[in-house]
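Got a sequence here, can you build the structure:
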Amino acid sequence: MKKIIIILTVITSIFVLNDLSDEKITIPNEAIRFRVIANSNSIKDQELKIKVKNNLQKNIKDLLKEETDIKKARLSLEKNIPTLKENIEKTLKENNSESNYEINYGENYFPSKNYKGVVYTSGEYESLVVKLGKGEGNNFWCVLFPPLCLLEEKEEKTKDTEYHLLVKDLLKQYF
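So this is what the prediction gives:
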């Protein structure tokens, strides 16, 4: 009887721990997302997307570096849309691109995303979205406020950290 209970406990633990690895996370309402969608998946369009993203991120970092309140962050973004447009136009011109673009700050749809084992749920989110050309390519997205993606610049230079559950690793080793 004890062996059956132990086996059932181990099997249940495996299923529970596997479910934890694909945990769905909803970004809180008090967050502002940022997304840049490339025209297509061509190398040229993807490179342009990264350049637009990098330049906007620097600009937004300067705008929001002192903000600790989401209401003030919202006002700052809304007020500076013309500056962000100028930044996009400058980046497009510097890269000899005649691509059109759209910029929208407000509620925008985000598809679900699996990133490093975490599933971010799809839905309408407060966000700043830039669509280059047809917007049919892969996209970049992150959280602007709280400033998670603005901190990523420093993290990109360091090695990714992986977290493991010891029990899960042991169970995988033996089963």
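
residues of stretch 68-88 that come out buried?
70, 73, 77, 80, 84, 87, 88 (16 or more other Cβ atoms under 10 Å). Yep, even glycine has a C-beta here, placed from its N, CA and C like the rest.

Next: stretch 38-54.
38, 39, 40, 45, 46, 48, 49, 51, 52, 53.

which residue sits closest to the second one, ignoring its sequence neighbours?
Which is residue 39. Of all residues not flanking residue 39 in the chain, residue 133 sits nearest, at 2.9 Å (Cβ to Cβ, 6 or more residues apart in numbering).

do the same with the first one
What sits nearest to residue 38 in space, not counting adjacent residues and going by Cβ to Cβ, 6+ apart, is residue 137, at 3.1 Å.

Mind checking what secondary structure that neighbour has?
coil (DSSP: H, G, I helix; E, B strand; the rest coil).

so it touches residue 50, yeah?
No: using Cβ atoms under 8 Å, residue 137 is not in contact with residue 50, being 11.2 Å away.

Show me the buried residues of stretch 68-88 that map onto strands.
Judged by DSSP state E, those include no members of strands.

Show me those that map onto helices.
Residues of these located in helices (DSSP state H): 70, 73, 77, 84, 87, 88.

just checking, the fourth one touches residue 59?
Yes: at 6.4 Å, residue 84 counts as touching residue 59 under the criterion of Cβ under 8 Å.

wait, is residue 104 part of a strand?
Yes: Residue 104: assigned to a strand according to three-state DSSP.

Report the contact partners of it.
128, 129, 131 (Cβ atoms under 8 Å, 6 or more residues apart in numbering).

Which residues does the helix or strand hosting the first one contact?
Per DSSP states H and E, residue 128 falls inside strand 123-132. If you take Cβ under 8 Å, 6+ apart as the criterion, strand 123-132 is touched by 26-27, 29, 31-39, 45, 48-49, 52, 56, 60, 74, 77, 84, 88, 99, 101-110, 144.
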